[in-house]
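Asker: the following block contains a protein sequence and its predicted model.
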Amino acid sequence: MNSPATRGRNGRSRKASRGRSRFRLPMRYLLPTTFLVALLAMLMLRGYVHSEILADHRVRDADHNTRVPKDVRAGGPVIDARSGDAKTLRVPDRRIVLTFDDGPDPVWTPKVLDKLKEYDAHGVFFVTGNMAARHPELVERMVAEGHEIGLHTFNHPDLSYQSTERIDWELSQNQLALAGAAGIRTSLFRPPYSSFSYAMDNRSWPVTEYIGSRGYLTVVNDTDSEDWKRPGVRAIVERATPKNGKGAIILMHDSGGDRSQTVAALDTLLPDLTERGYTFTRLTTALDAPSAHTPATGFALWKGKAFIAAVAVSERITGVLVVGLAVIGVLVLARFGLMLLLSFLHARKVRRRNFGWGPPVTRPVSVLVPAYNERACIEATVRSLAASEHRIEIIVIDDGSTDGTADLVEAMRLPRVRVVRQRNAGKPAALNNGIRHARYDIVVMMDGDTVFEPSTVRELVQPFGDPRVGAVAGNAKVGNRDSLIGAWQHIEYVMGFNLDRRMYDVLGCMPTIPGAVGAFRREALDRVGGMSEDTLAEDTDVTMALHRDGWRVVYAENARAWTEAPESVQQLWSQRYRWSYGTMQAIWKHRRAVIERGPSGRFGRVGLPFVSLFMVLAPLLAPLIDVFLLYGLVFGPTGKTVAAWFGVLVVQAVCAAYAFRLDKERMTHLISLPLQQILYRQLMYVVLLQSWITALTGGRLRWQKLRRTGAVEAPGGSSAPRPQGPGAAAGAVDRRPYV
């Protein structure tokens, strides 16, 4: 027997273990969060190297020069302030140092390098760290071909505005990019927006002194080609040509815009000055000084390589994502357009005065109501059926309920209502059992939390006047739409489901007969083997099977059913997780339809791609819209970002408004559409991603029983009395898996 102390320790250990388990982040949150954080990090890195983050584009006007030493103002373009006493240096006569700023550029730098190589000339490239990080192969080529590299900061800010900490950051990040790109460090530096020594002023000189204290030679110029103005090739050559055989440091650019005139000017300048006895060389060679390059070693080298690799990954992945997002965006907008057009054509067809499916269907039908612990709402469901305008038999299949659902239905003693009891076996088994007990050749299926209008069954079965029709989808509506989450689902049902069904009806590839309101020809069900238990979306599974068997599946807009939507995020999660995972199972099950012939092949090459693209793949990429929106609001062109988002919202609002008009719904619920796009949509993203995770990891998902309140009734109807007693309370909160 354990001692009290041992029991105490064990108890504390169990409590600690339980406490730790409470703080474990579920995989469905961990993986999406990790993915979004990684994506945001890549966007931030990409924004950093594209001067969208931490960039400072201010440029200061000239200031007084009273604190600049006269020797510097009157001296050469190379300023050495490393020892504290500044001195300047000039390039000897007949020596030219060509310098190129702001690169490397993927278009113009290779052309400049080609010209230098063609004429066996060397120069100095003052590179920015952000460009070097994005195009490391060009920096490597510069070094390999004998050119010298200088720093031009990382993001090209005016350093007179910056603190010493920011200056150090610009230098270190510039060196980091060089280490990763070419494995070197350099001691040459050129300040952004600099010109000549005599232009030094009271704001730029302290920066030069500080740069010198960090061990750098500051290199300005004494000959400005002004190629950045694009004055023409002849003007660039004239301004770049030194006078009277003097040496020169010539300022040119290999990035920052169209540099075609610069490249053309080199084709003239290099051979002309070479014939006149000039030598084009590196700066340190011209000054007879040691090389400005030193090898990067150890941790600094590997840190630089890691940085370059991270930039490459972020550039490639975000580039692919941007292209993918653009493609998806175009497809989604095209789908919206197609949906509007085909919905209009569908409504115009079925609302014609002389439209008919065939002879009116007046024969009685069987209505199946699978129920598991539906005591809270089953009475309202059955009473709504009993008021039907069409002759029906009602079969309630009690799937092993523990809350007295079957007893309640039997106690109602309504005519034409039968209760079939079975051990808990799941909804597909309950429906198949109901089919076996059905007397008629048309079978209507509904959920135990749904109520029909008196005309629903009559409207639902009329398409069976066409002998080619094997199944009919009704118009499922959210009954409990008074809450915000209910209103969001109401928008989704009207726009995302019913408008879709009109489009799919015209295309002949309806993917799903909703479980809340659907009708089937019994012959069609028998031919496909009834309701399959292979997937968790038995309604989607059987609909796809009917298409493959050659049956038409159509939409009856006036067959309205009012269903109780989940009223909490957790319940909504459980429902949509099952739907999305079951849809993926059904797509995988019927994948061979893509390569088959006949009706199966037609559905496989039209219906399956539509469902796969717009119900599985596109929503998975949709979070990118919000990530790029957030990034654009904070770091990008905010006005354009907001305009683009509102543009998409307007398109969605137009589709939603048209869908509401077709369904004769009040437009007031669309007030919450913008908030739905921001909040509700995120939940759907994570649900779909979790379904992907479950599928890819081979996990299994079970049916989940949602909590029902019995609050839904058909318009104009009366609420069924709420069950009382312990059994009712137990049924109201039951959450056992529906397996």
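Answerer: Sure thing, it's come through. Numbers count the residues shown, from 1 in each chain.
Asker: buried ones in stretch 380-394, by neighbour count?
Answerer: Residues of stretch 380-394 classed as buried: 380-386, 388, 390, 392-394 (neighbour count, 16 or more other CB atoms under 10 Å). C-betas here are computed from N, CA, C, even on glycine.
Asker: quick one: least confident helix or strand in the protein?
Answerer: Ranking every helix and strand in the chain by mean pLDDT, DSSP states H and E puts helix 726-733 at the bottom, with a mean of 36.
Asker: now the strands for the stretch 501-650 of the chain?
Answerer: Under the criterion DSSP state E, counting those that start in this stretch, strands of the stretch 501-650 of the chain are mapped to 518-521, 552-563.
Asker: centroid-nearest residue for this structure?
Answerer: Leu624 (2.0 Å; CA atoms, centre = their mean).
Asker: hmm, it is touching Val327, no?
Answerer: No - Leu624 is not in contact with Val327 according to CB atoms under 8 Å; the separation is 11.4 Å.
Asker: so where's this structure shaky on pLDDT?
Answerer: In the predicted model of the chain, residues 1-29, 32, 620-623, 636, 694-739 satisfy pLDDT under 70.
Asker: which stretches of the stretch 301-450 of the chain form helices?
Answerer: Taking DSSP state H, counting those that start in this stretch as the test, the helices found in the stretch 301-450 of the chain are 378-386, 405-412, 427-437.
Asker: and Ala199, which of these is closest to it?
Answerer: Comparison of the helices of the stretch 301-450 of the chain against Ala199 by CB to CB identifies helix 427-437 as nearest, at 81.5 Å.
Asker: and the residue nearest to Gly232 when sequence neighbours are not counted, how many residues sit next to it?
Answerer: Excluding the flanking residues, the one nearest Gly232 by CB to CB, 6 or more residues apart in numbering is Gln261, at 6.6 Å. Neighbour count for Gln261, taken as other CB atoms under 10 Å: 20.
Asker: what's the helix or strand for Gln261?
Answerer: Taking DSSP states H and E as the definition, Gln261 sits inside helix 260-275.
Asker: sec struct for the residue in the chain sticking out farthest from the centre, please.
Answerer: No residue in the chain sits farther from the centre than Asn244, which is 62.5 Å out by CA atoms, centre = their mean. Here Asn244 is recorded as coil under DSSP: H, G, I helix; E, B strand; the rest coil.
Asker: and Arg166, by the same measure?
Answerer: Secondary structure of Arg166, per three-state DSSP, is helix.
Asker: neighbours of it, just the number please.
Answerer: Close neighbours of Arg166, defined as other CB under 10 Å, add up to 16.
Asker: just give the nearest non-adjacent residue to it, would you?
Answerer: Pro157 (7.6 Å).
Asker: quick check: that neighbour vs Glu209, distance?
Answerer: Pro157 is 18 Å from Glu209, where distance means CB to CB, to the nearest Å.
Asker: the two: which is more packed in?
Answerer: The neighbour comparison of Pro157 against Glu209 (other CB under 10 Å) goes to Pro157, with 22 against 18.
Asker: and that one, what does it touch?
Answerer: 55-58, 166, 170, 192 (CB atoms under 8 Å, 6 or more residues apart in numbering).
Asker: and it, what element?
Answerer: For Pro157, there is no enclosing helix or strand under DSSP H and E.
Asker: so what does it look like in phi/psi?
Answerer: Main-chain dihedrals, Pro157, degrees, to the nearest 10: phi -90, psi 160.
Asker: any idea how far it lies from Gly129?
Answerer: Look at Pro157 and Gly129: by CB to CB, they are 12 Å apart.
Asker: between the two, what contacts are shared?
Answerer: Shared between the contact lists of Pro157 and Gly129 (criterion: CB under 8 Å, 6+ apart) are residues Glu170.
Asker: wait, doesn't Ser366 sit right on His390?
Answerer: No - if you go by CB under 8 Å, Ser366 and His390 don't touch, sitting 11.4 Å apart.
Asker: what's the strand or helix carrying Val37 packed up against?
Answerer: Secondary structure from DSSP H and E places Val37 in helix 27-49. Using 3 or more CB pairs under 8 Å, 6 or more residues apart in numbering; DSSP states H and E, the elements in contact with helix 27-49 are helix 129-134, helix 298-350, helix 623-634, helix 681-696.
Asker: most neighbours per residue, which of the ones you listed?
Answerer: Most buried of these by mean neighbour count (mean count of other CB atoms under 10 Å) is helix 129-134; its value is a mean of 26.
Asker: what's stretch 271-284 in contact with?
Answerer: By CB under 8 Å, 6+ apart, stretch 271-284 touches 78, 91, 94-99, 116, 119, 121-124, 146-148, 150, 188, 219, 237, 241-242, 245, 249, 270, 290-292.
Asker: one more time with 6 Å, if that's ok
Answerer: Stretch 271-284 has contacts (CB atoms under 6 Å, 6 or more residues apart in numbering) with 94-98, 121-122, 124, 148, 291-292.
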